[in-house]
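*Asks:* Need a 3D model of the following:
(3 chains)
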Amino acid sequence: MRMKAKLAGSVAGALALATAMPAAASEDMTDARITVAMTETIAGYNPYGDAVVLIGSLWCKVYGCLTRFDFDEGQFVPYLAESVEAIDETTWHVHLREDWVRHNGDPVLAEDVVHSIDRMQNDPGSVRQFVVDPIESSRAIDDLTVEIVTHEPMATLPDNLSLLTVTSKALHDEHGSDMYREHPYGAGPYRLVEVSAGEHMILERVDDHPMVSPTNPQQIMYRIIAEPEARVTALANDEVQIAQGIPPQLVDRADDLDNARIEFANSVEMMFLAMNPSTHPWDVPEARQAVAHAIDREAIVQALLGGQATLLHGAVGEGQFGYDPDFRTPYEHDPDRARELLESADLVGVEIDFYTPVGRYVQDRQIAEAMVPMLEQAGFTVNLQTPEWSTLWSNVQSGGVPFYYMGRGQMLDPSRALHQYFRTDGSPRLDFSDPELDELFDAERQEFDPDRRLERMQEAIAALTEAAPAHFLWLHQLAWGVSEGIDYTPRPADRVDGWDIHVRAGD
Amino acid sequence: MNAETLSFDERFGYLLQPKALFGLMMLALLVAAGLFAPWLAPFDPQHQNLMMALTPPQPAGPHLLGTDHVGRDLLSRIIYGARVSLLIAIAVVGFSGIVGVVLGVVSGYFGRWVDSVIQKILEVFWAFPPLLLAIAIVAFLGQGLAIVILALASQRWIPYCRLARAETMTLREREFVVAARSLGAGHIRLLRRHILPNVLPSTIVVATFAMATAIISEAALSFLGLGVPPAIPTWGGMLADARSYISTSWWMALFPGLCIFVTVLGINLLGDVLRARFDPKMKSH
Amino acid sequence: MLGYITRRLLGVIPVLLMVSLIVFMLMHAAPGDPVSMLISDEASPEDRARVAAAWGLDQPVWVQYLNFLQNAVMLDFGDSFRYQQPVIDLVLERLPASLELALYATLMAVIVGIPLGIWAAARPNSIVDTLASFGGFFGISMPNFWLGIMLILIFAGQLNLLPSGGRMSWGDEIPRLTGFLTVDAVLQGRWGELRLAFVHLLLPTVVLGTAMTGIIMQLTRASMLENLAEDYVMTARAKGVRARTILWLHAFRNALVSVITIIGLEFGALLSGAIIVETIFSWPGIGQLLIQGIGARDFPLITGLVIIYTALFVLLNLLIDVLYTIVDPRIRMR
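*Replies:* Predicted coordinates:
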């Protein structure tokens, strides 16, 4: 009746099984079709043209990416690549596997990888250049080997390669960008059936692909349902089988459904309060520390998030690279200490503008509202500003927003994110600069030995937390609604991969 | 039913009916609530108590109508909210009503190029997304009440204008207007004495409904962070807060919604009274 | 008349120019830039510059505007930044969904609102009048999102009678002819799909139609009352024509001018203002497209949509004006 629990949701397991006995006879495979309700939008057919993390991961499922993050092993493992090895500090060799072919029978070649790096960088529709920014050059050594040279030593290249969608050079030469719509042949375990921009995307299982198992759904529709109540209702009606983003106040209702349950996944999106040291009073460390002491995270998580968040000590939590279970933040909730710090800097009554997004993150505006009295108790005079999201986001990116509540996702490995926000000249978002921290960050990025790199990262995060250019708050526990007929354990980082979804027999 | 009783009804009936008095009282009550908010509200509308968040209504107190997501007293927020919400409604409806009716009457009465120009302006405004306007103004002037009123009023004059124009066009050719014109009445006099009063009834209907939509639309702006600053309680803002809790905390949406309902009802009854008093045709019988 | 219509249609040109110019200026004046909304959270400044250049956003605003005008003449509004396909395709794909929904909502409002309004006017302050008015006010006092979510919770959730959203169930799609699903289903004789299309239409139609029903009912009532008090009705009564005929023929005909006006206005408002309903019911219409476009600062999409709206509204106004002359021959369009 049921899949063995061990196998269900285990990527490594599924992979091993499938490779051992490839091309399971198709009559044994489930013909179930499932619908996944999503919260964000779908841009279109161009696999380089979508900045949404979840959709990016779907393109990796269709076309294939070079590596992927194995959530069970907690690290990046080869995917389209058979191996990824560092030859020296800046040179890497990627060996492609021979046995996987595209959905039209073409092989995946080294020139495809070189071509894809170029598309990622130069396709007029690409919005994911950051993936290949560190790459200086790439060339095909033979049909199955690519040499990649990075600008500077970078141990985290395999992370970037997990986002590199490998499309076909031959098809692009023949059809140009029409290939994305007319000939979307990848080498991944699911093939593209249809995309309706802003509405839905349908994928179909590639039955003889080594990564699929017989219980993976035959077709998956990823459908946008923006309204949370509608997502829960659709789950209750069996209109959808997996629903993303169940807000805290609806978790009980969804979990009480006869035909569905709630599964939690830690997000890898750190929520934090950013304090821009080039603006007053955030140039005064005591003011920043006062904020960190003033916020009662516990109370907010209980009252507004239904307890569904993991308090952060530092920038990362369990399951993310750089997590140190022994590290405690020096800034626990302590309103008296906050007041003292502000008094000592002679800043009591200082006026601050506090910016929060509205409707972007779970309960964002509500959380910011709850923080206002806490900050005022410490002695700040707070003007809560709720600019429209695009206004705020553009302003944060171009710099100069003094004090804001924000999230930063895609942090399985926090290196890129921490460099972006906290390294001198990493970006204009925070204008923070600390030479000692810069050294720690660089040391981390240039360390190729994983164990030693972990230590470096932990050191950097501890020093960063102490310096408090930002107060790290929590990781949301994201609630997913899952139908009873489905075995699916949601992954951190917004992945809904077909190979993780198993349809129970008999349903 | 015959004509005599009908006109009597129209002239005096509403004033004497308890329904009308009731409606007027309702309005007075809301206005008074807003005016005397600091003395009436049991709590500070800004005071939060996270431990008391989402308390259902307590008939025995202290939170008669319950609390919101951060534990603020709903009754106090509704009382304070009356100030800004009624102000928004009156300002938006007053401004757009006057502009719309004047433009509409002029457009319909003079016709030809005047009509053509006014209708083209109307079409420009109609097709234009008010949201974009709001975003641009907020960027230059910051969040505030005036921006909300401006953004809301930017399109709301259109219905008045189209309606007044349509009615003016039919009136223009009516016997009593033609007669007055042939007796040498000037444009201004004609418009004021014969056209404007006849346009009033439909204007009042539109205004009644526009009151509600103005208050509710403020909620839509709040969703995007473009409403009045979050520190100021408004019914629209409360509705926006309530959206996430519709299935779990019914009281958050119900009470501000009821206030809007009462406002609309009161305005409508007041409108009926006004209509009966100012409609020249009804007086003549 | 024909000359008038031609003049009005030509009049769309200055309106379009004005609208496009204002939209263009405001879009560029508004904070928030399309590149920030388009690229990944992780992009570097160089990436931003590259994307800006790819979309021509590094050029002066007036150059961008002239380019836009040049292409717009050929009905080419460029490619959407976010969706990377021609704006005109996106809009035409979704316009039928919005039109269909707006048409059914209007139909509902007219079928329910006008008879109720007449009835209420015939017996002012009767039970029917009072109840209908209360209903109307209640309808307008409820925010769309509240009514929409409530209906979903009750009819899709509790009773499980209707789908929670979308236009059609997965697997029941029919080949697209007009884009109006109910029409397509009839044309192809797919009766099962016709039923499904209606089932999906029902809830959003009710939500959109409720407020409109209230206002049409009230306006019909007010206009009827006004006209019933007029001399000609008195005259007709004196001549002994049956009261019912008087009501219908004379008063209603005159009230119709106002009622048609408000129907036109509300229909237009439904086209541009159904954003919340489209979002709640995952309805793939142009209202959602516009708000997403504004959110993403998707310049070509915004301008393209506003141009389409302008054209629609100009046509709608013209249609209403022509209807006036049919309903009330005294009205002359000059």
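
*Asks:* the helices in the stretch 51-200 of chain B, which residues?
*Replies:* For the stretch 51-200 of chain B, the helices defined by DSSP state H, counting those that start in this stretch cover B:74-110, B:112-127, B:130-141, B:145-172, B:175-182, B:187-190, B:196-223.

*Asks:* any chance of those in TSV, plus mean neighbour count?
*Replies:* (Glycine included, C-beta is placed from N, CA and C.) Output for these, formatted as TSV (neighbours: other CB atoms under 10 Å in any protein chain shown):
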stretch	mean neighbour count
helix B:74-110	22
helix B:112-127	19
helix B:130-141	20
helix B:145-172	24
helix B:175-182	14
helix B:187-190	12
helix B:196-223	25
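
*Asks:* can you count the residues close to the closest residue to chain B within the stretch 1-150 of chain C?
*Replies:* Relative to chain B, the nearest point of the stretch 1-150 of chain C is C:Ser141 (3.8 Å; CB to the nearest CB). Using other CB atoms under 10 Å in any protein chain shown, C:Ser141 is surrounded by 26 other residues.

*Asks:* on that earlier part again, is it possible to get CSV of the helices of the stretch 51-200 of chain B that adds distance to chain A and mean pLDDT?
*Replies:* Formatted as CSV, the helices of the stretch 51-200 of chain B follow (distance: least, CB to the nearest CB, whole Å; pLDDT from 0 to 100):
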stretch, distance to chain A, mean pLDDT
helix B:74-110, 12, 92
helix B:112-127, 21, 90
helix B:130-141, 6, 81
helix B:145-172, 12, 89
helix B:175-182, 49, 79
helix B:187-190, 45, 82
helix B:196-223, 6, 85
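
*Asks:* circling back to that earlier point, from B:Trp235, how far off is the residue of the stretch 1-150 of chain C closest to chain B?
*Replies:* C:Ser141 sits at a distance of 10 Å from B:Trp235 (criterion: CB to CB, to the nearest Å).

*Asks:* wait, isn't C:Ile276 in contact with C:Leu147?
*Replies:* No - at 10.0 Å, C:Ile276 and C:Leu147 do not qualify as touching, with contact defined as CB atoms under 8 Å.

*Asks:* Go ahead and confirm C:Leu319 touches C:Gly264.
*Replies:* Yes - between C:Leu319 and C:Gly264 there is a contact at 7.3 Å, judged by CB under 8 Å.

*Asks:* Looking at those two, which is more packed in?
*Replies:* The neighbour count for C:Leu319 versus C:Gly264, taken as other CB under 10 Å, is higher for C:Gly264 (21 against 12).

*Asks:* how close does the more buried one sit to A:Glu85?
*Replies:* 70 Å.

*Asks:* swap in B:Gly61?
*Replies:* Per CB to CB, B:Gly61 is found 72 Å from A:Glu85.

*Asks:* go on, B:Ser202?
*Replies:* For B:Ser202 relative to A:Glu85 (CB to CB), the value is 79 Å.

*Asks:* How about A:Asp324?
*Replies:* From A:Asp324 to A:Glu85 the distance is 28 Å (CB to CB).

*Asks:* A:Ala370 now?
*Replies:* A:Ala370 is 50 Å from A:Glu85, by CB to CB.

*Asks:* Between the two, tell me which one has more neighbours.
*Replies:* Neighbour count, other CB under 10 Å: between A:Ala370 and A:Glu85, A:Ala370 has more, with 22 against 11.

*Asks:* list the contacts for that one?
*Replies:* By CB atoms under 8 Å, 6 or more residues apart in numbering or on different chains, the residues touching A:Ala370 are A:299-300, A:303-304, B:48, B:50, B:70.

*Asks:* Save those residues as CSV, and put in neighbour count, distance to chain C and pLDDT too.
*Replies:* Shown next, in CSV, are these (neighbours: other CB atoms under 10 Å in any protein chain shown; distance: CB to the nearest CB, whole Å; pLDDT from 0 to 100):
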residue, neighbour count, distance to chain C, pLDDT
A:Ala299, 15, 28, 94
A:Ile300, 22, 24, 95
A:Ala303, 25, 23, 91
A:Leu304, 24, 20, 92
B:Gln48, 21, 24, 91
B:Leu50, 18, 25, 90
B:Val70, 24, 21, 91
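
*Asks:* Narrow those residues to those in strands?
*Replies:* Of those, none are assigned to strands by DSSP state E.

*Asks:* coming back round to it: more neighbours, C:Ile276 and C:Leu147?
*Replies:* Taking neighbours as other CB under 10 Å, C:Ile276 and C:Leu147 compare with C:Ile276 leading, 23 against 19.

*Asks:* so what pLDDT did that one get?
*Replies:* Per-residue pLDDT puts C:Ile276 at 87.

*Asks:* Spatially, what comes nearest to it if we skip its sequence neighbours?
*Replies:* Nearest residue to C:Ile276 in three dimensions, chain neighbours excluded: C:Asn144, at 4.7 Å (CB to CB, 6 or more residues apart in numbering or on different chains).

*Asks:* Could you list the low-pLDDT ranges of the stretch 51-200 of chain A?
*Replies:* Nowhere does the stretch 51-200 of chain A drop to pLDDT under 70.

*Asks:* Which positions in it make contact with chain C?
*Replies:* A:51, A:121-122, A:124-130, A:133, A:196-199 (CB under 8 Å from any CB of the partner chain).
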